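Visitor: got a structure for you, letters missing:
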């Protein structure tokens, strides 16, 4: 589990660096599918990760608005601000936590397990990053590598 | 690990069903990024999964050609034909297997661990499926859900 989170954070940070080198209007441009722009996909990845982690930590949910994080610099700060709390869940995850029930404010009828939530977050981020890789090619740019093996740790 | 493989196989099978309902020329159409078509992305997912699993199983690598699997029906059969061997690795994976070294025919200098290979395959499939979801929207079709939580098992 930990390895896939670290992979995702590394890939996310590489996309942040990539975005800093692009024209702002290109990464803000409305595109098909996902959250409909590179910036909005990245914001959504952080937002969803923090929301589920806060549910695991039994902290009150917050619902950040994209309009409060309108640039790549804002989203980088957003991602960094919550990293240590997110890490506290991932690095302390164990087989005991696997089946621990979790309730959320956005689906009060349902109960999730910590294990399912962590797997959901892993898949969620990779999926939306896959979408960004298509949009990068539409911009005639080389996307960040998605390979798990062979990357510099 | 097992949960994310089962998620990927379920999502893959849902995309197979989705493809069976589309015009063949739409799923064969050349697109930007990834393996450059919906069919080729799906073929690549199966090909890469089987190749790495065969390395783990210490079986001789095979290098299937896309031209031998030119339709969605061929790719479905390809995926089904190797499922039980792939499952044999995933379902028997344990903390003992995590660090087991694996050599491949395509990177003879390098040694991988079983754990890293399985994480690589999980990320690899989700990434290429994320790309397909963008292409589905380009076709004005609703993509298969990528959510890990809330899916029918």
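Guide: Perfect, thanks for sending it. Values in this document were obtained by computation on a predicted structure and should not be read as measured data. Numbers count the residues shown, from 1 in each chain, chains lettered A, B, ... in the order given.
Visitor: which residues does the closest residue to chain B within chain A contact?
Guide: Here chain A gets closest to chain B at one residue, residue A:130, 2.2 Å apart by C-beta to the nearest C-beta. Heads up, the C-betas are built off the backbone N, CA and C, glycines and all. Shown in contact with residue A:130 (C-beta atoms under 8 Å, 6 or more residues apart in numbering or on different chains): A:146, B:126, B:127, B:128, B:129, B:130, B:131, B:133.
Visitor: which residue is nearest the centroid of chain A?
Guide: Nearest residue to the geometric centre of chain A (C-alpha atoms, centre = their mean): residue A:45, 2.8 Å.
Visitor: Am I right that that residue is in contact with residue A:125?
Guide: Yes - the criterion here is C-beta atoms under 8 Å, and residue A:45 meets it with residue A:125 at 5.0 Å.
Visitor: Now for those two: what residues contact both?
Guide: Listed as contacting both residue A:45 and residue A:125 by C-beta under 8 Å, 6+ apart are residue A:12.
Visitor: Look up the closest residue to residue A:86, ignoring the ones flanking it.
Guide: If the residues on either side of it in the chain are set aside, residue A:86 comes closest to residue A:53, at 4.9 Å by C-beta to C-beta, 6 or more residues apart in numbering or on different chains.
Visitor: From residue A:1, how far off is that neighbour?
Guide: 13 Å (C-beta to C-beta, to the nearest Å).
Visitor: Show me where chain A has its helices.
Guide: Listed in chain order, the helices found in chain A under DSSP state H are A:2-20, A:24-28, A:38-56, A:72-91, A:95-98, A:114-138.
Visitor: Now do the buried residues in stretch A:1-15.
Guide: A:1, A:3, A:4, A:5, A:7, A:8, A:9, A:11, A:12, A:14, A:15 (16 or more other C-beta atoms under 10 Å in any protein chain shown).
Visitor: rewinding a little: of the helices of chain A, which approaches residue B:61 most closely?
Guide: Closest of the helices of chain A to residue B:61 is helix A:2-20, at 24.6 Å (criterion: C-beta to C-beta).
Visitor: Could you tell me the angle between the closest one and helix A:114-138?
Guide: 30 degrees (axes from the mean of the first three to the mean of the last three C-alpha atoms, to 10 degrees).
Visitor: What helices and strands are in contact with helix A:2-20?
Guide: helix A:38-56, helix A:72-91, helix A:114-138, helix B:114-138 (3 or more C-beta pairs under 8 Å, 6 or more residues apart in numbering or on different chains; DSSP states H and E).
Visitor: Please find the angle between the direction vectors of that helix and helix A:38-56.
Guide: Going by the same axes, to 10 degrees, helix A:2-20 makes 150 degrees with helix A:38-56.
Visitor: Low-confidence regions, chain A specifically.
Guide: Counting by pLDDT under 70, chain A shows low-confidence ranges at A:152-153.
Visitor: how close does the closest residue to residue A:68 other than its chain neighbours sit to residue B:69?
Guide: Among residues not flanking residue A:68 along the chain, residue A:74 sits closest, at 7.5 Å (C-beta to C-beta, 6+ apart). Taking C-beta to C-beta as the measure, residue A:74 falls 45 Å from residue B:69.
Visitor: between the two, which one's more packed in?
Guide: residue B:69 (21 against 14; other C-beta atoms under 10 Å in any protein chain shown).
Visitor: Please name the residues that touch the more buried one.
Guide: The contact partners of residue B:69, taken as C-beta under 8 Å, 6+ apart, are B:43, B:75, B:78.
Visitor: Hmm, the first one is touching residue B:78, no?
Guide: What that stands for is residue B:43. Yes - counting by C-beta under 8 Å, residue B:43 touches residue B:78, with 7.2 Å between them.
Visitor: residues shared between the contacts of those two?
Guide: With C-beta under 8 Å, 6+ apart as the test, residue B:43 and residue B:78 both reach B:64, B:69.
Visitor: Please identify which of the two sits among more neighbours.
Guide: Applying other C-beta under 10 Å to residue B:43 and residue B:78 shows that residue B:43 carries more neighbours, namely 23 against 18.
Visitor: Run the contact check for stretch A:32-48 versus chain B.
Guide: Yes - Stretch A:32-48 reaches chain B (C-beta under 8 Å from any C-beta of the partner chain) through A:32, A:33, A:34.
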